[in-house]
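Chemist: here is a sequence together with a model predicted from it:
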Amino acid sequence: MPDTAILHQPPSVKTEHFDVLIVGAGISGVGGAYHLTQQRPGTSFVVLEAQDYFGGTWWTHKYPGIRSDSDLHTFGYRFKPWRSAPIATAGEILKYMGEVIEENDLARHIRYHHKVRSASWDSQAALWTIEATRTDTNEDMVFTAGFLWMCQGYYNHTQPYTPQWPDMDRFKGTIIHPQTWPEDLDYTGKRVVVIGSGATAATVVPAMAPTAAHVTMLQRSPTFFRTGRNAIALAEELRTLSVPEEWVHEIVRRKILYDQSVFTSRCVNEPDTVKAELLGAVRAELGPDYDIDTHFTPSYRPWRQRIAFVPDADLFKGIAGGKASVVTDHIDRFVENGILLRSGQVLEADIIVTATGFNLNVLGDVAFTIDGKPLVFADSVTYRGMMFTGIPNMVWVFGYFRASWTLRADLVADFVCRLLGHMDKKGAHQVQVALRPEDAAMKLLPWIDDQNFNPGYLMRGMHLLPKRGEKPEWQHNQDYWSEKDAFPAIDLDDAAFVYR
Ligand SMILES: Cc1cc2nc3c(=O)[nH]c(=O)nc-3n(C[C@H](O)[C@H](O)[C@H](O)COP(=O)(O)OP(=O)(O)OC[C@H]3O[C@@H](n4cnc5c(N)ncnc54)[C@H](O)[C@@H]3O)c2cc1C
């Protein structure tokens, strides 16, 4: 394939060719770019990013206090030490990613303002044709690539999820979703109601409380939180001993991952004890008279939904200090001056923040066709949550719910580089996964077991996602601790991989 070829486009549209095309310059896409340069130095590649900057999630979200809820030793890449407090602001994460880009000369591979619209696979040519639109100039762009690496994340970056409540238009104040935060919003002295109680609400409430008149977190049902100091004692101790940062990073990663695996199995084996500990920590912050049962005691067992970490107990300090409060009730409808609850109470507000989550976005809203046929993604079966039956030469990155996303982004990157090397060795131009004869009777199930994990955006979008099988290789098992050993051991000559 020549570097520049004209395909079926109007003569004015130049087509550029790359061995690999990465969609998205978030933590996964930038990581993919790094791993390609390190593990496959001769491979040509481009990263197409719809936004005007790298960072993905950490660039999209600009609400007050925006920060990670997992620690940056594991949310950071395994190859670049994290040197600051474990829970980091979006600004700190962007700085870290910027350093990765600069130190590894990755900027020349990234094209901003490139929104990928379609991807068409041609088995004859063993080639993807990718159409993109420049979001700044409206220009159409066409690329071809041998391999597609989908790092587009899991939610729509421009259209957040806001439920429609009755009479929303009657409310005279301002309604804002945290994903589309107006940077000039002045909330000094304002009464704010934040709808939701996930990680975003738990961040926004304490961040706004000092400036606002009062912030109320309105939740339908309570959520589990963990709280503690935003510091890792082991990291501090190792630094006191002048242990090199590379070592600190690796040791602290291992410690965190070990602690998390213990915590996860405790949530399964002794959920009541874990629940009592989590609630005890909240009670210690809010005092014996606070109604923990109503506002902080979920009905589900710990870990069925992601447990947000509240660094330095800031949410609870806001509540204890009287600038923030929690109301657990259902919305009846919006009224001119706030929200009428089912209990009959009116929550008066100048600003309502709808921290109500995302719209799941599988495959970045890209229209896929395989040999001229539109792809029905939900009809495919996933190989370890990264490849899919019927879709050749494509891997996507879908991280973990309960461990840091980047742990899996690094593992998938190793897999992609190894797979590309294997194809080179075999002289193959196409690889796809296919159910083997021994998989014929395998039961096909929804993407995720909703008894195990059931956040709203996944429940709303499950019908769009591929199926999983009963066997470990045909599912995204959400378990870093088994995948860290299983991924490097994947036999690329297994009959599940079909090469041409
Ligand atoms: C507020 C918030 C906090 C979070 N905190 C944590 C945390 O602490 N720990 C954790 O593990 N996870 C966290 N997550 C989950 C988080 O999204 C992932 O961990 C991680 O950032 C995802 O990285 P990504 O690069 O895969 O995707 P994203 O960050 O979603 O980036 C995808 C990029 O792809 C681009 N893109 C999408 N479609 C197209 C297209 N068609 N064409 C071109 N470009 C496209 C987008 O513009 C975006 O820049 C958080 C999520 C949110 C929303």
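Modeler: Looks like it arrived, so ask away.

Chemist: for this protein, where's the lowest mean pLDDT among helices and strands?
Modeler: Using mean pLDDT, DSSP states H and E, the weakest-scoring helix or strand in the chain turns out to be strand 4-5, at a mean of 43.

Chemist: tell me which helix or strand comes right after it.
Modeler: Along the chain past strand 4-5, the next helix or strand (assigned with DSSP states H and E) turns out to be strand 15-23.

Chemist: with just CA atoms, put the helix or strand that that next one is followed by into PDB.
Modeler: Heading C-terminal from strand 15-23, the first helix or strand you meet, by DSSP H and E, is helix 27-39. These are the backbone C-alpha positions of helix 27-39, laid out as PDB (Å, rounded to 0.1, in the frame of the first residue of the first chain):
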ATOM      1  CA  ILE A  27      -5.100   8.100  28.700                       C
ATOM      2  CA  SER A  28      -5.700   5.000  26.600                       C
ATOM      3  CA  GLY A  29      -4.800   6.500  23.200                       C
ATOM      4  CA  VAL A  30      -1.700   8.300  24.500                       C
ATOM      5  CA  GLY A  31      -0.600   5.100  26.200                       C
ATOM      6  CA  GLY A  32      -1.100   3.200  23.000                       C
ATOM      7  CA  ALA A  33       1.000   5.700  21.100                       C
ATOM      8  CA  TYR A  34       3.800   5.400  23.700                       C
ATOM      9  CA  HIS A  35       3.700   1.600  23.600                       C
ATOM     10  CA  LEU A  36       3.800   1.500  19.800                       C
ATOM     11  CA  THR A  37       6.900   3.800  19.700                       C
ATOM     12  CA  GLN A  38       8.600   1.600  22.400                       C
ATOM     13  CA  GLN A  39       7.600  -1.900  21.300                       C
END
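
Chemist: so which elements touch helix 27-39?
Modeler: Packed against helix 27-39, as judged by 3 or more Cβ pairs under 8 Å, 6 or more residues apart in numbering; DSSP states H and E, are the following elements: strand 15-23, strand 45-48, helix 90-103, helix 405-426. In this view, the C-beta of every residue, glycine as well, is placed from N, C-alpha and C.

Chemist: which parts of this protein are helices?
Modeler: Counting by DSSP state H, the chain has these helices, from start to end: 27-39, 57-60, 72-75, 90-103, 199-208, 233-240, 245-269, 271-286, 292-296, 314-320, 405-426, 456-461, 480-486.

Chemist: which of those helices sits closest to residue 341?
Modeler: The closest approach between residue 341 and any of the helices of the chain, judged by Cβ to Cβ, belongs to helix 292-296 at 13.5 Å.

Chemist: contacts for that closest one?
Modeler: Helix 292-296 has contacts (Cβ atoms under 8 Å, 6 or more residues apart in numbering) with 219, 222-225, 279, 282-283, 286, 326, 328.

Chemist: farthest pair in the residues you listed?
Modeler: Going by Cβ to Cβ, the two entries of these that are most distant from one another are 219 and 283, at 17.9 Å.

Chemist: let's have the contacts of helix 292-296 in a markdown table, adding pLDDT.
Modeler: Supplementary listing: these in a markdown table, determined by pLDDT from 0 to 100:
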| residue | pLDDT |
| --- | --- |
| 219 | 97 |
| 222 | 94 |
| 223 | 92 |
| 224 | 94 |
| 225 | 95 |
| 279 | 96 |
| 282 | 96 |
| 283 | 96 |
| 286 | 97 |
| 326 | 98 |
| 328 | 98 |
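
Chemist: now the residues you listed in CSV, with distance to the ligand and neighbour count?
Modeler: Compiled in CSV, the contacts of helix 292-296 are given as follows (distance: Cβ to the nearest ligand atom, whole Å; neighbours: other Cβ atoms under 10 Å):
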residue, distance to the ligand, neighbour count
219, 17, 21
222, 20, 20
223, 15, 21
224, 16, 23
225, 14, 23
279, 23, 19
282, 20, 23
283, 25, 16
286, 24, 19
326, 20, 21
328, 23, 19
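
Chemist: coming back round to it: could you tell me the least trusted of the helices of the chain?
Modeler: Ranked by mean pLDDT, these bottom out at helix 456-461, which scores a mean of 83.

Chemist: buried ones in it?
Modeler: Across helix 456-461, burial judged by 16 or more other Cβ atoms under 10 Å covers 456-458, 461.

Chemist: do the same with stretch 89-100
Modeler: Taking 16+ other Cβ under 10 Å as the basis for neighbour counts, the residues of stretch 89-100 that come out buried are 89-90, 92-94, 96-97, 100.

Chemist: got the residues of this structure near the ligand?
Modeler: Those residues of the chain that sit near the ligand, judged by Cβ under 6 Å from any ligand atom, are 23-29, 48-51, 56-57, 61, 68-70, 75, 114-116, 151-153, 157, 200, 364-366, 397, 399, 404-405.

Chemist: which residues of the protein score low on pLDDT?
Modeler: By pLDDT under 70, the weakly predicted segments of the chain are 1-12.

Chemist: gap between the residue lying closest to residue 57 once chain neighbours are set aside and residue 291?
Modeler: Counting by Cβ to Cβ, 6 or more residues apart in numbering, the nearest residue to residue 57 once its immediate chain neighbours are dropped is residue 26, at 6.0 Å. In this structure, residue 26 and residue 291 are 39 Å apart, going by Cβ to Cβ, to the nearest Å.

Chemist: more neighbours: these two, which one.
Modeler: When residue 26 is set against residue 291 and neighbours are counted by other Cβ atoms under 10 Å, the residue ahead is residue 26, at 26 against 11.

Chemist: surely the more buried one meets residue 155?
Modeler: No. Between residue 26 and residue 155 there is no contact under Cβ atoms under 8 Å: 11.1 Å.

Chemist: just want the residue of the stretch 151-300 of the chain that's nearest the ligand.
Modeler: residue 153 (2.2 Å; Cβ to the nearest ligand atom).

Chemist: quick check: phi and psi at that residue.
Modeler: For residue 153, the backbone dihedrals are phi 80, psi -160 (criterion: degrees, to the nearest 10).

Chemist: and the gap between it and residue 277?
Modeler: 33 Å.

Chemist: tell me the contacts of the nearest residue to residue 130 once chain neighbours are set aside?
Modeler: With Cβ to Cβ, 6+ apart as the criterion, residue 130 has its nearest non-adjacent residue at 4.5 Å, and that residue is residue 143. When contacts are counted by Cβ under 8 Å, 6+ apart, residue 143 touches 15-18, 21, 46, 48, 129-130, 132.

Chemist: how long is stretch 344-362 from one end to the other?
Modeler: In stretch 344-362, first residue to last residue: 40 Å (Cα to Cα, to the nearest Å).
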